[in-house]
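1. the sequence isn't on hand, but the structure is:
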């Protein structure tokens, strides 16, 4: 009910093509040079041809779909394949024009001629036919369906080229065409099994998610800011999140086997994770977050309740599970020994892990309680994952973070250190994670990082807020920390921050409590807590074990 109402509201608030084009031109400021005569004639002809093939394509879709289940005559399929070839030819030629064009005025003309609506119509029609084809591999497709797949890929390429221009992205957002693209993505995921062969869906999805990501990143004029947040909320709760969680679950069952050979699935997984990262990064919790499941009125920010419920329902997109099964496949071995024995991971796997952990940190920015509660239900699995990542990065990180060698591993380490602090902040039950395990526990591991993180200012701004968050108000962790590092480093760090705050010269990285990682209000208390003179309690609770 909520989703249907939100979709109707987006449709009602969307602008017509004429209104959106006017807003785009006005917001762009300076006018670009006019389209030259040759380009105008070529684009106008292609727009006309595009309008002519759509009615023919509608008939062809019915024939192509029926050919999947019925023994249609080759004559009938042959006649209609000409329509598909014609549509594909028009789109391919149009893509060449867009690819060669550098003038914004050319793209403005494409928008004026109504080409976006025509291409989106093609995508919607083919989307409706995908259920008939199910997830058959490319080699098992009928000739008509292969041609249909080619038309869809050309249409998505056309949208990708068009979306390189800001005016096009703003236009598609204001006219609500992005919702139709989300429908295509949901349809692909709904009919897809995680096959290592190239199905229609595995070919379409990376392109659709790439185009969606471009639009999610695009800001809108202030007058449409609430509309953009409603659209982002819709994309989070429209079913895409659940479908992508299921995709990751299937990937986890196959583990590292997915990344062997020439399978298209690794690219799909990476594009999916990047899309979710873009979406979560763009989402903003309303200033006064409502817990009511209601649709906001026009011009108001949407309720946060459906988004937070989705995050809990999907177990944060199933990220911990998929990373755990890919990075720690041998459950019988200790996680640290697996990292030490493992060869360097493929770059796709490392990039996937970086994006995944970054998403979890963005969830912490949105609502820390949701992150802590959801990950807390998987604390043992989460612990093993963190140990594996920290040990792996310790082996393969470059000599200094930021250098080309080991750069991906450095990013993964940094995101994981931040996540550990977010998980433990002001939560004593979660802080107990730092004492888990025999031998080197998590607190020992992060305090054994290279000297860069203790001597360089950038390194300290990354590591120290996590140490503060994992140990503040935990006498057990404080006592363990005394054996691992000199507490004066933390006190001096906090003293310098308090002085900078008083003088109004806090560095960007420290503003707003390191982005919420360790709030400014806690700094004075923390300086006293991490004192060498603080007396530990007479008895300490036993460390946890996993």
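-> Ah, there it is. Computed from a predicted model, the values in this text were never measured in an experiment. Numbers count the residues shown, from 1 in each chain.
2. contacts, neighbours, all on C-alpha from now
-> Fine.
3. what's the local residue count around residue 509?
-> 12 (other CA atoms under 10 Å).
4. and what of residue 451?
-> 12.
5. next one: the one 10 residues further on
-> When neighbours are counted by other CA under 10 Å, residue 461 registers 17.
6. what is the rounded mean pLDDT of the helix or strand where residue 97 lies?
-> Using DSSP states H and E, residue 97 maps to helix 74-100. Across helix 74-100, the average pLDDT comes to 74.
7. and what of stretch 281-289?
-> 83.
8. next SSE downstream of the helix holding residue 97?
-> helix 104-112.
9. what packs against that next one?
-> Secondary-structure packing of helix 104-112 (3 or more CA pairs under 8 Å, 6 or more residues apart in numbering; DSSP states H and E): helix 17-28, helix 37-69, helix 166-174.
10. okay, these in JSON lines with mean neighbour count and mean pLDDT next?
-> Shown next, in JSON lines, are the helices and strands packed on helix 104-112 (neighbours: other CA atoms under 10 Å; pLDDT from 0 to 100):
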{"stretch": "helix 17-28", "mean neighbour count": "16", "mean pLDDT": "89"}
{"stretch": "helix 37-69", "mean neighbour count": "17", "mean pLDDT": "72"}
{"stretch": "helix 166-174", "mean neighbour count": "24", "mean pLDDT": "96"}
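11. dump those to a markdown table, plus distance to residue 104.
-> Below are the helices and strands packed on helix 104-112 laid out as a markdown table (distance: least, CA to CA, whole Å):
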| stretch | distance to residue 104 |
| --- | --- |
| helix 17-28 | 10 |
| helix 37-69 | 12 |
| helix 166-174 | 8 |
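12. residue 357 is nearest to which of the ones you listed?
-> Of all the helices and strands packed on helix 104-112, it is helix 166-174 that lies closest to residue 357, at 28.1 Å by CA to CA.
13. touching the helix or strand that that closest one is followed by from outside, list them.
-> The first helix or strand that comes after helix 166-174 along the chain, using DSSP H and E, is helix 177-190. Contacts to helix 177-190, defined as CA atoms under 8 Å, 6 or more residues apart in numbering, come from residues 120, 123-124, 127-128, 130-131, 172, 201-202, 204-205, 208-209, 212, 215, 231, 235, 239-240, 243-244, 247.
14. show me just the buried residues among those residues.
-> By neighbour count, with 16 or more other CA atoms under 10 Å, these hold 120, 123-124, 127, 130, 172, 201-202, 204-205, 208-209, 212, 215, 231, 235, 239-240, 243-244, 247 as buried.
15. residue 203: neighbour count?
-> Residue 203 - counted by other CA under 10 Å - has 19 other residues nearby.
16. list the residues that contact it.
-> By CA under 8 Å, 6+ apart, the neighbours of residue 203 are 153, 264.
17. and it, how far from residue 351?
-> 20 Å (CA to CA, to the nearest Å).
18. over to residue 164?
-> When residue 164 is compared with residue 351 (using CA to CA), they lie 23 Å apart.
19. repeat that for residue 39.
-> 40 Å.
20. next structured bit after the helix or strand harbouring residue 241?
-> Secondary-structure assignment from DSSP H and E places residue 241 in helix 240-254. The element immediately downstream of helix 240-254 (helix or strand, assigned by DSSP H and E) is helix 265-282.
21. next, the angle from that next one to helix 240-254.
-> 140 degrees (axes from the mean of the first three to the mean of the last three CA atoms, to 10 degrees).
22. give the other helices and strands that helix 265-282 contacts.
-> Packed next to helix 265-282, using 3+ CA pairs under 8 Å, 6+ apart, are helix 200-217, helix 225-237, helix 240-254, helix 347-366.
23. show me the domain layout of this protein.
-> 2-307, 322-529 (automatic domain parsing).
24. mean pLDDT lowest where, among the ones you listed?
-> Across these, domain 2-307 gives the lowest mean pLDDT, at a mean of 82.
25. end-to-end on that domain?
-> First-to-last residue span, domain 2-307, CA to CA: 12 Å.
26. chain center to that domain: distance?
-> A distance of 17 Å separates the centroid of the chain from that of domain 2-307, by CA atoms, centre = their mean, to the nearest Å.
27. brilliant, that's me finished.
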